[in-house]
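Q: The amino acid sequence is not available; the structure is as follows:
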DNA sequence: AGTTGTGAAGGCCTTCACAGCG
DNA sequence: CGCTGTGAAGGCCTTCACAACT
(Lines give C-alpha, C1' and ligand atoms only; values in the text may rest on other atoms or scores of the structure.)
Protein backbone atom coordinates (compact mmCIF):
# COMPACT_ATOMS: atom_id res chain seq x y z
CA UNK A 1 0.00 0.00 0.00
CA UNK A 2 2.74 2.58 0.77
CA UNK A 3 4.63 4.28 -2.03
CA UNK A 4 7.73 2.20 -1.54
CA UNK A 5 7.93 -0.95 -3.61
CA UNK A 6 8.85 -3.51 -0.98
CA UNK A 7 12.49 -2.66 -0.78
CA UNK A 8 14.32 -4.66 1.81
CA UNK A 9 15.02 -2.48 4.79
CA UNK A 10 18.00 -3.47 6.96
CA UNK A 11 17.07 -5.43 10.03
CA UNK A 12 19.20 -3.15 12.16
CA UNK A 13 17.14 -0.21 10.96
CA UNK A 14 13.93 -1.89 12.01
CA UNK A 15 15.47 -2.71 15.36
CA UNK A 16 16.07 0.99 16.00
CA UNK A 17 12.82 2.42 14.66
CA UNK A 18 10.75 1.60 17.76
CA UNK A 19 13.37 3.45 19.79
CA UNK A 20 12.86 6.58 17.73
CA UNK A 21 9.12 6.17 17.94
CA UNK A 22 9.16 5.93 21.69
CA UNK A 23 11.44 8.91 22.07
CA UNK A 24 9.30 11.01 19.74
CA UNK A 25 6.17 10.03 21.63
CA UNK A 26 7.71 11.33 24.84
CA UNK A 27 8.79 14.54 23.13
CA UNK A 28 5.33 14.98 21.70
CA UNK A 29 3.76 14.54 25.13
CA UNK A 30 6.11 17.21 26.42
CA UNK A 31 5.04 19.63 23.73
CA UNK A 32 8.29 19.54 21.75
CA UNK A 33 7.39 20.06 18.09
CA UNK A 34 10.74 20.27 16.32
CA UNK A 35 13.88 18.20 16.59
CA UNK A 36 16.97 17.15 14.65
CA UNK A 37 18.90 13.97 14.06
CA UNK A 38 21.47 15.27 16.52
CA UNK A 39 19.02 15.89 19.36
CA UNK A 40 17.22 12.65 18.72
CA UNK A 41 20.55 10.86 18.56
CA UNK A 42 21.57 12.17 21.94
CA UNK A 43 18.33 11.07 23.49
CA UNK A 44 18.30 7.52 22.12
CA UNK A 45 22.05 7.00 22.07
CA UNK A 46 22.39 6.55 18.33
CA UNK A 47 24.69 8.37 15.92
CA UNK A 48 22.87 11.14 13.99
CA UNK A 49 23.98 9.90 10.58
CA UNK A 50 22.60 6.48 11.42
CA UNK A 51 19.27 8.04 12.25
CA UNK A 52 19.20 9.98 8.98
CA UNK A 53 20.04 6.85 6.99
CA UNK A 54 17.39 4.88 8.85
CA UNK A 55 14.69 7.46 8.25
CA UNK A 56 15.68 7.84 4.60
CA UNK A 57 14.34 4.35 3.94
CA UNK A 58 10.86 5.64 4.57
CA UNK A 59 10.98 8.80 2.52
CA UNK A 60 12.11 12.40 2.94
CA UNK A 61 10.68 12.96 6.38
CA UNK A 62 12.63 16.06 7.37
CA UNK A 63 13.34 19.51 6.04
CA UNK A 64 16.89 20.38 5.04
CA UNK A 65 18.29 23.17 7.07
CA UNK A 66 15.51 22.78 9.61
CA UNK A 67 15.11 19.30 11.03
CA UNK A 68 12.14 17.09 11.74
CA UNK A 69 8.63 17.88 12.86
CA UNK A 70 8.05 15.70 15.90
CA UNK A 71 4.38 14.72 15.49
CA UNK A 72 4.78 14.24 11.76
CA UNK A 73 7.87 12.06 12.14
CA UNK A 74 6.35 10.03 14.95
CA UNK A 75 3.28 9.43 12.85
CA UNK A 76 5.36 8.45 9.83
CA UNK A 77 7.28 5.91 11.89
CA UNK A 78 4.09 4.54 13.41
CA UNK A 79 2.79 4.09 9.89
CA UNK A 80 5.98 2.39 8.78
CA UNK A 81 5.93 -0.01 11.71
CA UNK A 82 2.25 -0.79 11.36
CA UNK A 83 1.38 0.77 14.71
CA UNK A 84 -1.64 2.67 13.54
CA UNK A 85 -3.84 -0.34 13.72
CA UNK A 86 -4.49 -2.24 16.92
CA UNK A 87 -2.78 -5.58 17.31
CA UNK A 88 -4.73 -8.08 19.36
CA UNK A 89 -2.39 -10.35 21.31
CA UNK A 90 -2.76 -13.27 23.66
CA UNK A 91 -0.77 -14.45 26.62
CA UNK A 92 -0.10 -18.01 27.69
CA UNK A 93 0.87 -18.48 31.32
CA UNK A 94 -0.85 -16.79 34.24
CA UNK A 95 1.83 -17.30 36.87
CA UNK A 96 3.72 -14.48 38.55
CA UNK A 97 5.46 -13.28 35.43
CA UNK A 98 2.40 -13.69 33.25
CA UNK A 99 0.25 -11.75 35.68
CA UNK A 100 2.79 -8.95 35.93
CA UNK A 101 2.92 -8.79 32.13
CA UNK A 102 -0.86 -8.69 31.84
CA UNK A 103 -1.20 -5.92 34.39
CA UNK A 104 1.59 -3.94 32.83
CA UNK A 105 0.25 -4.42 29.36
CA UNK A 106 -3.18 -3.19 30.28
CA UNK A 107 -1.80 -0.08 31.92
CA UNK A 108 0.98 1.03 29.65
CA UNK A 109 0.99 -0.64 26.29
CA UNK A 110 -0.94 0.96 23.48
CA UNK A 111 -1.86 -0.74 20.22
CA UNK A 112 -1.16 -4.21 21.56
CA UNK A 113 -4.37 -5.21 23.22
CA UNK A 114 -4.56 -8.40 25.25
CA UNK A 115 -7.62 -10.33 24.16
CA UNK A 116 -6.98 -13.59 25.96
CA UNK A 117 -4.99 -15.16 28.79
CA UNK A 118 -4.58 -18.89 28.95
CA UNK A 119 -3.11 -21.38 31.37
CA UNK A 120 -2.86 -25.12 31.54
CA UNK A 121 -3.56 -25.18 35.26
CA UNK A 122 -7.31 -25.55 36.04
CA UNK A 123 -6.74 -23.89 39.42
CA UNK A 124 -6.01 -20.65 37.61
CA UNK A 125 -9.04 -20.70 35.34
CA UNK A 126 -11.55 -17.98 36.10
CA UNK A 127 -9.05 -15.74 37.86
CA UNK A 128 -9.03 -12.10 36.88
CA UNK A 129 -5.63 -11.00 35.59
CA UNK A 130 -5.01 -7.68 33.91
CA UNK A 131 -8.74 -7.21 33.43
CA UNK A 132 -9.20 -10.55 31.71
CA UNK A 133 -10.33 -13.96 32.83
CA UNK A 134 -7.80 -16.76 32.68
CA UNK A 135 -9.07 -19.47 30.37
CA UNK A 136 -8.12 -23.06 29.57
CA UNK A 137 -5.81 -23.80 26.67
CA UNK A 138 -8.67 -25.42 24.80
CA UNK A 139 -10.21 -21.97 24.26
CA UNK A 140 -7.07 -20.61 22.61
CA UNK A 141 -7.69 -21.51 18.95
CA UNK A 142 -11.17 -20.07 19.10
CA UNK A 143 -9.98 -16.75 20.50
CA UNK A 144 -7.19 -16.53 17.93
CA UNK A 145 -9.66 -17.07 15.14
CA UNK A 146 -12.31 -14.77 16.53
CA UNK A 147 -9.97 -11.79 17.03
CA UNK A 148 -7.65 -12.63 14.15
CA UNK A 149 -4.71 -12.73 16.55
CA UNK A 150 -1.25 -12.84 14.96
CA UNK A 151 1.01 -12.42 17.98
CA UNK A 152 1.32 -14.20 21.31
CA UNK A 153 3.42 -13.97 24.45
CA UNK A 154 4.61 -17.06 26.30
CA UNK A 155 5.25 -16.87 30.03
CA UNK A 156 5.34 -20.49 31.10
CA UNK A 157 8.11 -22.67 32.56
CA UNK A 158 10.84 -23.69 30.13
CA UNK A 159 9.69 -27.28 29.99
CA UNK A 160 6.22 -26.34 28.78
CA UNK A 161 7.22 -23.61 26.36
CA UNK A 162 7.86 -25.77 23.32
CA UNK A 163 4.50 -27.50 23.67
CA UNK A 164 2.79 -24.14 23.99
CA UNK A 165 4.61 -22.93 20.89
CA UNK A 166 3.22 -25.88 18.95
CA UNK A 167 -0.29 -25.03 20.05
CA UNK A 168 0.21 -21.41 19.03
CA UNK A 169 1.59 -22.30 15.62
CA UNK A 170 -1.26 -24.69 15.01
CA UNK A 171 -3.71 -21.95 15.92
CA UNK A 172 -2.19 -19.74 13.25
CA UNK A 173 0.00 -17.40 15.34
CA UNK A 174 2.76 -15.76 13.27
CA UNK A 175 4.84 -14.06 15.95
CA UNK A 176 5.82 -15.36 19.38
CA UNK A 177 7.43 -13.34 22.12
CA UNK A 178 8.82 -15.87 24.53
CA UNK A 179 9.91 -15.24 28.08
CA UNK A 180 11.00 -18.82 28.55
CA UNK A 181 14.74 -19.51 28.70
CA UNK A 182 14.94 -21.90 25.79
CA UNK A 183 15.20 -21.69 22.01
CA UNK A 184 11.86 -22.56 20.49
CA UNK A 185 11.64 -24.51 17.28
CA UNK A 186 8.93 -23.30 14.92
CA UNK A 187 8.20 -23.29 11.17
CA UNK A 188 10.08 -20.81 9.01
CA UNK A 189 7.18 -18.45 8.60
CA UNK A 190 6.76 -17.93 12.33
CA UNK A 191 8.80 -15.27 14.10
CA UNK A 192 10.21 -15.89 17.54
CA UNK A 193 11.62 -13.17 19.74
CA UNK A 194 13.08 -14.01 23.10
CA UNK A 195 12.98 -11.79 26.10
CA UNK A 196 15.44 -13.26 28.52
CA UNK A 197 17.14 -10.89 30.87
CA UNK A 198 19.35 -13.69 32.13
CA UNK A 199 21.21 -13.71 28.82
CA UNK A 200 21.67 -9.96 29.09
CA UNK A 201 23.12 -10.32 32.56
CA UNK A 202 25.65 -12.78 31.17
CA UNK A 203 26.57 -10.46 28.31
CA UNK A 204 26.99 -7.56 30.70
CA UNK A 205 29.14 -9.73 32.92
CA UNK A 206 31.51 -10.31 30.04
CA UNK A 207 31.81 -6.67 29.10
CA UNK A 208 32.31 -5.62 32.70
CA UNK A 209 35.09 -8.16 33.07
CA UNK A 210 36.63 -7.18 29.73
CA UNK A 211 35.98 -3.49 29.52
CA UNK A 212 36.39 -2.30 25.95
CA UNK A 213 33.12 -0.55 25.47
CA UNK A 214 29.67 -1.82 24.63
CA UNK A 215 26.15 -1.11 25.73
CA UNK A 216 22.87 -1.50 24.02
CA UNK A 217 20.21 1.00 23.09
CA UNK B 1 44.78 -14.27 33.02
CA UNK B 2 43.74 -16.45 30.04
CA UNK B 3 46.20 -17.21 27.27
CA UNK B 4 44.63 -14.77 24.86
CA UNK B 5 46.07 -11.30 24.86
CA UNK B 6 42.92 -9.21 25.07
CA UNK B 7 41.95 -9.48 21.45
CA UNK B 8 38.76 -7.71 20.66
CA UNK B 9 36.03 -10.26 20.25
CA UNK B 10 33.08 -9.28 18.04
CA UNK B 11 30.07 -8.05 19.93
CA UNK B 12 27.85 -10.36 17.94
CA UNK B 13 29.91 -13.31 19.13
CA UNK B 14 29.45 -12.30 22.76
CA UNK B 15 25.74 -11.87 22.14
CA UNK B 16 25.51 -15.49 21.06
CA UNK B 17 27.77 -17.10 23.64
CA UNK B 18 25.17 -17.14 26.44
CA UNK B 19 22.85 -18.93 24.04
CA UNK B 20 25.38 -21.69 23.54
CA UNK B 21 26.04 -21.84 27.25
CA UNK B 22 22.38 -22.26 28.07
CA UNK B 23 21.90 -24.93 25.44
CA UNK B 24 24.95 -26.84 26.62
CA UNK B 25 23.75 -26.66 30.22
CA UNK B 26 20.49 -28.27 29.21
CA UNK B 27 22.31 -30.95 27.24
CA UNK B 28 24.58 -31.61 30.17
CA UNK B 29 21.61 -32.01 32.50
CA UNK B 30 20.17 -34.52 30.07
CA UNK B 31 23.36 -36.54 30.09
CA UNK B 32 24.46 -35.67 26.56
CA UNK B 33 28.25 -35.65 26.53
CA UNK B 34 29.17 -35.08 22.88
CA UNK B 35 27.88 -32.69 20.28
CA UNK B 36 28.85 -30.92 17.08
CA UNK B 37 28.49 -27.44 15.66
CA UNK B 38 25.70 -28.77 13.50
CA UNK B 39 23.65 -30.23 16.34
CA UNK B 40 24.23 -27.19 18.50
CA UNK B 41 23.32 -24.98 15.58
CA UNK B 42 20.02 -26.71 15.10
CA UNK B 43 19.16 -26.34 18.76
CA UNK B 44 20.00 -22.65 19.09
CA UNK B 45 19.06 -21.62 15.58
CA UNK B 46 22.51 -20.47 14.52
CA UNK B 47 24.51 -21.50 11.47
CA UNK B 48 27.19 -24.11 12.33
CA UNK B 49 30.01 -22.15 10.74
CA UNK B 50 29.06 -19.15 12.84
CA UNK B 51 29.30 -21.27 15.94
CA UNK B 52 32.73 -22.59 14.96
CA UNK B 53 34.01 -19.09 14.27
CA UNK B 54 32.59 -17.86 17.56
CA UNK B 55 34.18 -20.63 19.57
CA UNK B 56 37.49 -20.22 17.76
CA UNK B 57 37.95 -16.87 19.51
CA UNK B 58 38.37 -18.73 22.76
CA UNK B 59 40.76 -21.42 21.62
CA UNK B 60 40.58 -24.84 20.03
CA UNK B 61 37.72 -26.22 22.05
CA UNK B 62 36.72 -29.15 19.84
CA UNK B 63 38.32 -32.20 18.26
CA UNK B 64 38.50 -32.37 14.48
CA UNK B 65 36.55 -35.26 13.07
CA UNK B 66 34.79 -35.71 16.39
CA UNK B 67 33.05 -32.62 17.70
CA UNK B 68 32.79 -30.98 21.09
CA UNK B 69 32.69 -32.43 24.57
CA UNK B 70 29.60 -30.92 26.15
CA UNK B 71 30.73 -30.41 29.76
CA UNK B 72 34.15 -29.20 28.65
CA UNK B 73 32.74 -26.73 26.16
CA UNK B 74 30.14 -25.45 28.58
CA UNK B 75 32.80 -24.93 31.17
CA UNK B 76 35.05 -23.14 28.68
CA UNK B 77 32.25 -20.77 27.74
CA UNK B 78 31.39 -20.15 31.38
CA UNK B 79 35.02 -19.26 31.93
CA UNK B 80 35.07 -16.96 28.93
CA UNK B 81 31.95 -15.15 30.03
CA UNK B 82 33.05 -14.83 33.62
CA UNK B 83 30.28 -17.07 34.92
CA UNK B 84 32.40 -19.14 37.22
CA UNK B 85 32.33 -16.54 39.89
CA UNK B 86 29.16 -15.36 41.57
CA UNK B 87 27.91 -11.91 40.60
CA UNK B 88 26.06 -10.13 43.37
CA UNK B 89 23.31 -7.95 41.94
CA UNK B 90 20.72 -5.56 43.31
CA UNK B 91 17.23 -4.66 42.25
CA UNK B 92 15.54 -1.29 42.47
CA UNK B 93 11.75 -1.34 42.40
CA UNK B 94 9.60 -3.75 44.38
CA UNK B 95 6.35 -3.34 42.48
CA UNK B 96 4.69 -6.12 40.54
CA UNK B 97 7.44 -6.49 37.96
CA UNK B 98 10.21 -6.13 40.52
CA UNK B 99 8.65 -8.76 42.76
CA UNK B 100 8.21 -11.17 39.87
CA UNK B 101 11.84 -10.64 38.91
CA UNK B 102 13.05 -11.21 42.44
CA UNK B 103 11.08 -14.41 42.84
CA UNK B 104 12.16 -15.67 39.47
CA UNK B 105 15.76 -14.77 40.09
CA UNK B 106 15.89 -16.60 43.38
CA UNK B 107 14.41 -19.73 41.87
CA UNK B 108 16.07 -20.03 38.49
CA UNK B 109 19.07 -17.80 38.06
CA UNK B 110 22.46 -19.13 39.00
CA UNK B 111 25.56 -17.04 39.47
CA UNK B 112 23.63 -13.78 39.71
CA UNK B 113 22.67 -13.55 43.34
CA UNK B 114 20.32 -10.84 44.53
CA UNK B 115 21.84 -9.19 47.58
CA UNK B 116 19.48 -6.24 47.93
CA UNK B 117 16.07 -4.95 46.89
CA UNK B 118 15.30 -1.27 47.18
CA UNK B 119 12.27 0.91 46.73
CA UNK B 120 11.50 4.58 47.19
CA UNK B 121 8.08 3.86 48.67
CA UNK B 122 8.19 3.56 52.49
CA UNK B 123 5.04 1.44 52.39
CA UNK B 124 7.06 -1.30 50.73
CA UNK B 125 9.97 -1.27 53.15
CA UNK B 126 10.22 -4.39 55.26
CA UNK B 127 8.25 -6.53 52.85
CA UNK B 128 9.69 -9.91 51.97
CA UNK B 129 10.30 -10.27 48.25
CA UNK B 130 12.21 -13.13 46.70
CA UNK B 131 13.65 -14.04 50.09
CA UNK B 132 14.94 -10.53 50.76
CA UNK B 133 13.65 -7.56 52.69
CA UNK B 134 12.77 -4.46 50.70
CA UNK B 135 14.94 -1.58 51.92
CA UNK B 136 14.95 2.18 51.44
CA UNK B 137 17.09 3.75 48.72
CA UNK B 138 19.37 5.23 51.36
CA UNK B 139 20.73 1.78 52.11
CA UNK B 140 21.75 1.19 48.51
CA UNK B 141 25.29 2.61 48.46
CA UNK B 142 26.20 0.69 51.60
CA UNK B 143 25.03 -2.62 50.17
CA UNK B 144 26.85 -1.99 46.90
CA UNK B 145 30.06 -1.33 48.76
CA UNK B 146 29.67 -4.19 51.20
CA UNK B 147 29.05 -6.84 48.54
CA UNK B 148 31.12 -5.21 45.82
CA UNK B 149 28.09 -5.10 43.55
CA UNK B 150 28.76 -4.22 39.91
CA UNK B 151 25.37 -4.86 38.32
CA UNK B 152 21.87 -3.67 39.05
CA UNK B 153 18.39 -4.17 37.68
CA UNK B 154 15.88 -1.32 37.49
CA UNK B 155 12.15 -2.08 37.62
CA UNK B 156 10.61 1.29 38.41
CA UNK B 157 8.24 3.54 36.44
CA UNK B 158 9.77 5.33 33.47
CA UNK B 159 9.69 8.69 35.19
CA UNK B 160 11.82 7.53 38.09
CA UNK B 161 14.28 5.41 36.13
CA UNK B 162 16.75 8.16 35.23
CA UNK B 163 16.98 9.32 38.83
CA UNK B 164 17.55 5.76 39.96
CA UNK B 165 20.26 5.37 37.32
CA UNK B 166 22.05 8.40 38.77
CA UNK B 167 21.95 6.88 42.23
CA UNK B 168 23.32 3.60 40.88
CA UNK B 169 26.13 5.25 38.96
CA UNK B 170 27.07 7.30 41.99
CA UNK B 171 27.16 4.13 44.07
CA UNK B 172 29.67 2.64 41.64
CA UNK B 173 27.46 0.32 39.59
CA UNK B 174 29.01 -0.54 36.19
CA UNK B 175 26.16 -2.37 34.49
CA UNK B 176 22.47 -1.59 34.52
CA UNK B 177 19.74 -3.82 33.20
CA UNK B 178 16.73 -1.58 32.85
CA UNK B 179 13.14 -2.68 32.46
CA UNK B 180 11.93 0.90 32.14
CA UNK B 181 10.79 2.04 28.68
CA UNK B 182 13.22 4.92 28.29
CA UNK B 183 16.81 5.41 27.17
CA UNK B 184 18.96 6.06 30.20
CA UNK B 185 21.80 8.50 30.08
CA UNK B 186 24.89 7.36 31.94
CA UNK B 187 28.67 7.91 31.83
CA UNK B 188 30.63 6.14 29.12
CA UNK B 189 32.05 3.51 31.42
CA UNK B 190 28.64 2.30 32.54
CA UNK B 191 26.83 -0.31 30.49
CA UNK B 192 23.09 -0.13 29.99
CA UNK B 193 21.03 -2.98 28.64
CA UNK B 194 17.32 -2.55 28.14
CA UNK B 195 14.78 -5.27 28.48
CA UNK B 196 11.66 -3.90 26.90
CA UNK B 197 9.31 -6.39 25.36
CA UNK B 198 7.18 -3.59 24.00
CA UNK B 199 9.90 -2.72 21.49
CA UNK B 200 10.06 -6.36 20.46
CA UNK B 201 6.32 -6.41 19.87
CA UNK B 202 6.70 -3.43 17.57
CA UNK B 203 9.55 -5.04 15.66
CA UNK B 204 7.55 -8.22 15.28
CA UNK B 205 4.59 -6.22 14.07
CA UNK B 206 6.69 -4.80 11.26
CA UNK B 207 8.03 -8.15 10.15
CA UNK B 208 4.61 -9.74 10.25
CA UNK B 209 3.21 -6.95 8.12
CA UNK B 210 6.17 -7.09 5.73
CA UNK B 211 7.07 -10.73 5.67
CA UNK B 212 10.53 -11.17 4.26
CA UNK B 213 12.01 -13.28 7.01
CA UNK B 214 13.46 -12.37 10.34
CA UNK B 215 13.42 -13.77 13.83
CA UNK B 216 15.82 -13.53 16.68
CA UNK B 217 17.70 -16.23 18.51
C1' DA C 1 35.04 -40.63 6.80
C1' DG C 2 33.80 -36.89 9.49
C1' DT C 3 34.14 -32.52 11.86
C1' DT C 4 36.82 -28.74 13.37
C1' DG C 5 39.52 -24.51 12.58
C1' DT C 6 40.53 -20.85 9.29
C1' DG C 7 41.86 -17.92 5.37
C1' DA C 8 39.45 -15.63 1.47
C1' DA C 9 35.40 -13.79 -0.59
C1' DG C 10 31.36 -11.46 -0.20
C1' DG C 11 27.71 -8.69 1.87
C1' DC C 12 25.67 -5.76 4.90
C1' DC C 13 25.88 -1.88 7.64
C1' DT C 14 28.17 2.10 9.51
C1' DT C 15 31.02 6.10 8.89
C1' DC C 16 32.34 9.86 6.28
C1' DA C 17 31.97 13.81 3.56
C1' DC C 18 29.39 16.82 1.04
C1' DA C 19 25.83 18.01 -2.26
C1' DG C 20 21.15 19.62 -2.00
C1' DC C 21 17.64 22.60 -0.09
C1' DG C 22 15.18 25.40 3.08
C1' DC D 1 23.99 29.35 7.18
C1' DG D 2 22.12 24.75 9.02
C1' DC D 3 20.51 20.29 8.72
C1' DT D 4 18.93 16.75 5.85
C1' DG D 5 19.55 13.22 2.33
C1' DT D 6 22.92 10.35 0.00
C1' DG D 7 26.78 8.39 -2.69
C1' DA D 8 31.40 6.47 -1.64
C1' DA D 9 34.66 4.47 1.48
C1' DG D 10 35.61 1.59 5.03
C1' DG D 11 34.89 -1.97 8.50
C1' DC D 12 32.87 -5.66 10.60
C1' DC D 13 30.77 -9.92 10.32
C1' DT D 14 28.98 -13.80 7.82
C1' DT D 15 29.41 -17.20 4.27
C1' DC D 16 32.09 -20.23 1.76
C1' DA D 17 35.36 -23.63 0.83
C1' DC D 18 38.89 -26.41 2.25
C1' DA D 19 43.03 -27.77 4.74
C1' DA D 20 44.07 -30.00 9.11
C1' DC D 21 43.37 -33.43 12.03
C1' DT D 22 41.26 -37.71 14.59
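A: Received it, and whenever you're ready, just let me know what you need. Predicted model only: the values in this text are computed from it and were never measured. Residues are numbered from 1 along each chain as shown, chains lettered A, B, ... in the order given.
Q: So out of everything in chain A, what residue is nearest DNA strand D?
A: residue A:65 (2.4 Å; CB to the nearest atom of the strand). (Each C-beta comes from the backbone N, C-alpha and C, glycine too.)
Q: Could you grab the helix/strand/coil label for that residue?
A: Following DSSP: H, G, I helix; E, B strand; the rest coil, the label given to residue A:65 is coil.
Q: Give me the neighbour count for it.
A: Residue A:65 is flanked by 5 other residues according to other CB atoms under 10 Å in any protein chain shown.
Q: pLDDT score for it?
A: On pLDDT, residue A:65 comes in at 96.
Q: Likewise for the one 10 residues further on?
A: Per-residue confidence for residue A:75 comes out at a pLDDT of 97.
Q: So which residues on chain A come close to DNA strand C?
A: Counting by CB under 7 Å from any atom of the strand, the residues of chain A close to DNA strand C are A:10-13, A:47, A:49-50, A:53, A:63-66.
Q: May I see the buried residues of the helix or strand of chain A with the lowest mean pLDDT?
A: The helix or strand of chain A with the poorest confidence is helix A:96-108; it has a mean of 93 (mean pLDDT, DSSP states H and E). Using 16 or more other CB atoms under 10 Å in any protein chain shown as the burial criterion, the residues of helix A:96-108 that qualify are A:96-105.
Q: Same check on stretch A:37-47?
A: Applying 16+ other CB under 10 Å to stretch A:37-47 flags A:37, A:39-41, A:43-46 as buried.
Q: so after the least confident helix or strand of chain A, what's the next helix or strand?
A: On the C-terminal side of helix A:96-108, the closest following helix or strand by DSSP states H and E is strand A:112-119.
Q: who's in contact with whichever helix or strand comes after that following strand?
A: Next helix or strand after strand A:112-119 toward the C-terminus (DSSP H and E): strand A:128-129. Defining contact as CB atoms under 8 Å, 6 or more residues apart in numbering or on different chains, one finds that strand A:128-129 is touched by A:94, A:98-99, A:102-103, A:117, A:134.
Q: wait, which of the residues you listed is closest to residue B:166?
A: If you rank the contacts of strand A:128-129 by distance to residue B:166 using CB to CB, residue A:103 comes first, at 27.5 Å.
Q: Find the nearest non-adjacent residue to that closest one, please.
A: residue A:130 (4.8 Å; CB to CB, 6 or more residues apart in numbering or on different chains).
Q: which residues sit in contact with residue A:85?
A: Taking CB under 8 Å, 6+ apart as the test, what residue A:85 contacts is residue A:111.
Q: again, only this time at 10 Å
A: A:78, A:111, B:205, B:209 (CB atoms under 10 Å, 6 or more residues apart in numbering or on different chains).
Q: Mind pulling up the pLDDT for the last one?
A: This means residue B:209. At residue B:209, pLDDT is 93.
Q: State the distance from it to residue B:135.
A: 46 Å (CB to CB, to the nearest Å).
Q: And the two? Which one has more around it.
A: Neighbour count, other CB under 10 Å: between residue B:209 and residue B:135, residue B:135 has more, with 20 against 14.
Q: Let's verify the more buried one: helix, strand, or coil?
A: At residue B:135 the chain is in strand, as set by three-state DSSP.
Q: Would you check how far apart it and residue B:48 are?
A: Separation of residue B:135 from residue B:48 (CB to CB) stands at 48 Å.
Q: Could you do residue A:201 as well?
A: From residue A:201 to residue B:48 the distance is 27 Å (CB to CB).
Q: check which helix or strand covers residue A:78.
A: helix A:70-81.
Q: does the helix or strand just after that helix come close to chain B?
A: Using DSSP H and E, the helix or strand that follows helix A:70-81 in sequence is strand A:87-92. Yes: using CB under 10 Å from any CB of the partner chain, strand A:87-92 comes into contact with chain B via A:87, A:89.
Q: and what of stretch A:9-18?
A: Yes: for stretch A:9-18, a contact with chain B is found by CB under 10 Å from any CB, at A:9, A:11, A:14-18.
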